[in-house]
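J.: fold the following and give me the result.
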Amino acid sequence: MQMIETGVVNGRFQVFHLKHMEYLLAAKMRCNKLYIGLTNPDNTYVRETVNDENRSARSANPLTYYERCQMIRGALREFNVPDLEYEFIPFPINRPEYILQYAPQDAVYYMGICDEWDEEKFKILRSLGLETEILWRREPEEKGVTASWIRSCIATDEEWAHLVPKSVYEYLIGNDLDLRIKRLELIRMAEKDMSLVKDRI
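T.: Next up, the predicted model:
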């Protein structure tokens, strides 16, 4: 495999888990410098999509841009990726006209395709004329760990430490971010239960 100079990955990483790490490491193995694009960098860029109706919810975006950078940086250090070989950038996937205000145009954009939202993102990047490489295609049931699953585990006091890098677990617990995640997820669950009740009336 020939190393290229610059690669880009993107995701919300809410929260960063071991499948996310697999994605970042697979991309980093292919490039000298990796730009890690954080989608939904702030509330002004959050938009709904029919291909992932929950991604715009407050409960699905509990961590700030800064907190996600800190969380992922700790995980990359845990996996011995040198700090100088990656950078974080905002990645407003829902406002694609702004992506190249933050991201390099002369890079390879790495993606894993697992569902319709991934397919939509792939089309967005291609529409911008960006070179895009698909690392893998998997069926939704092959996706494995998801951030929504972890947020649900946190809310319901189920074990989740084994689903994330050790440094991520320590960062979230050490900064009481698990409490915020739990509070927002419980609100979401309660609202969902209420809407189901209303639908039955």
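
J.: neighbours of Tyr35, how many?
T.: Neighbours of Tyr35 under the rule other C-beta atoms under 10 Å: 21. For glycine as for every other residue, the C-beta is placed from the backbone atoms N, C-alpha and C.

J.: and it, that's in a helix?
T.: No - per DSSP: H, G, I helix; E, B strand; the rest coil, Tyr35 lies outside any helix segment and is strand.

J.: chain neighbours aside, what residue packs nearest to it?
T.: The shortest distance from Tyr35 to any non-neighbouring residue, by C-beta to C-beta, 6 or more residues apart in numbering, is to Val8 (4.6 Å).

J.: who's in contact with that neighbour?
T.: Shown in contact with Val8 (C-beta atoms under 8 Å, 6 or more residues apart in numbering): Leu34, Tyr35, Ile36, Gly37, Phe91, Ala103, Pro104, Ala107, Val108, Tyr109, Tyr110.

J.: just the CA atoms of stretch 90-109, as PDB, please.
T.: The C-alpha trace of stretch 90-109 is given here as PDB (Å, rounded to 0.1, in the frame of the first residue of the first chain):
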ATOM      1  CA  PRO A  90     -14.900  21.300  11.700                       C
ATOM      2  CA  PHE A  91     -16.700  19.300   9.100                       C
ATOM      3  CA  PRO A  92     -20.200  20.700   8.400                       C
ATOM      4  CA  ILE A  93     -21.500  17.700   6.400                       C
ATOM      5  CA  ASN A  94     -25.000  19.200   6.500                       C
ATOM      6  CA  ARG A  95     -23.800  22.400   5.000                       C
ATOM      7  CA  PRO A  96     -21.500  21.000   2.300                       C
ATOM      8  CA  GLU A  97     -20.900  24.300   0.700                       C
ATOM      9  CA  TYR A  98     -18.700  25.200   3.700                       C
ATOM     10  CA  ILE A  99     -16.700  21.900   3.900                       C
ATOM     11  CA  LEU A 100     -13.800  23.200   1.900                       C
ATOM     12  CA  GLN A 101     -13.600  26.300   4.100                       C
ATOM     13  CA  TYR A 102     -12.100  23.900   6.700                       C
ATOM     14  CA  ALA A 103     -10.900  20.800   4.900                       C
ATOM     15  CA  PRO A 104      -8.100  20.300   2.300                       C
ATOM     16  CA  GLN A 105      -9.200  19.900  -1.300                       C
ATOM     17  CA  ASP A 106      -6.100  17.900  -2.400                       C
ATOM     18  CA  ALA A 107      -6.700  15.000   0.100                       C
ATOM     19  CA  VAL A 108      -8.200  11.500   0.000                       C
ATOM     20  CA  TYR A 109     -11.500  11.300   1.900                       C
END
